[in-house]
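In: sequence plus predicted model, see below.
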Amino acid sequence: MKPSVPALDWLHMAASFALVLVLLGAMLWLLRRLQQGQGLKLRGQERAMEVVQTHSIGTRQKLVLVRVRGHEVLLGATPHAIAALHSWPDAQSQPEEPK
């Protein structure tokens, strides 16, 4: 058995620690992207569906405004069901009329 060199032990331990920190940072970045609803989407890709706003109206009920392909849809969500309450064309996707 060879005697170990203390400097190499410290170098090996520091490299292992740096690797753990890099992996931890990558996992935190990935979890944040998944939590924001972006998933693993590449830059430049447009979303087909986007949650515009949510509003809680009770302990377990909420209203959700969703933008889907140029339309906005108001959804009512409960623990047992989701219902489309109203739909209209998206104001941002329509060109402004001249005055």
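Out: Okay, I see it. Since the model is a prediction, treat every value here as computed from it, not as a measurement.
In: C-alpha from now on. contacts and neighbour counts both.
Out: Fine.
In: what sits against the residue nearest the centre of the chain?
Out: Nearest to the mean C-alpha position of the chain, counting by C-alpha atoms, centre = their mean, stands residue 36 at 1.9 Å. Applying C-alpha atoms under 8 Å, 6 or more residues apart in numbering, we find residue 36 in contact with no residue.
In: quick one, phi psi at residue 70?
Out: The main-chain torsion angles of residue 70 are listed as degrees, to the nearest 10 and equal phi 80, psi 10.
In: how much space separates it from residue 32?
Out: According to C-alpha to C-alpha, to the nearest Å, residue 70 stands 27 Å off from residue 32.
In: do residue 9 as well
Out: Residue 9 sits at a distance of 35 Å from residue 32 (criterion: C-alpha to C-alpha).
In: next one: residue 51
Out: Where residue 32 is concerned, residue 51 sits at a distance of 17 Å (C-alpha to C-alpha).
In: could I get the full set of strands for the chain?
Out: For the chain, the strands identified by DSSP state E occupy 49-56, 62-68, 71-77, 82-89, in order along the chain.
In: partners of the second one, with directions?
Out: Looking back up the chat, that one is strand 62-68. For strand 62-68, the paired strands and their directions (DSSP bridges) are strand 49-56 (antiparallel), strand 71-77 (antiparallel).
In: same thing with the last one?
Out: For strand 82-89, the paired strands and their directions (DSSP bridges) are strand 71-77 (antiparallel).
In: what comes up buried for the strand it pairs with?
Out: Burial within strand 71-77, assessed by neighbour count using 16 or more other C-alpha atoms under 10 Å, is assigned to 72-77.
In: any chance of JSON lines for those, columns distance to residue 20 and pLDDT?
Out: As requested, those are arranged in JSON lines below (distance: C-alpha to C-alpha, whole Å; pLDDT from 0 to 100):
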{"residue": "72", "distance to residue 20": "44", "pLDDT": "93"}
{"residue": "73", "distance to residue 20": "44", "pLDDT": "93"}
{"residue": "74", "distance to residue 20": "44", "pLDDT": "94"}
{"residue": "75", "distance to residue 20": "43", "pLDDT": "95"}
{"residue": "76", "distance to residue 20": "43", "pLDDT": "94"}
{"residue": "77", "distance to residue 20": "41", "pLDDT": "94"}
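In: nothing else from me, thank you.
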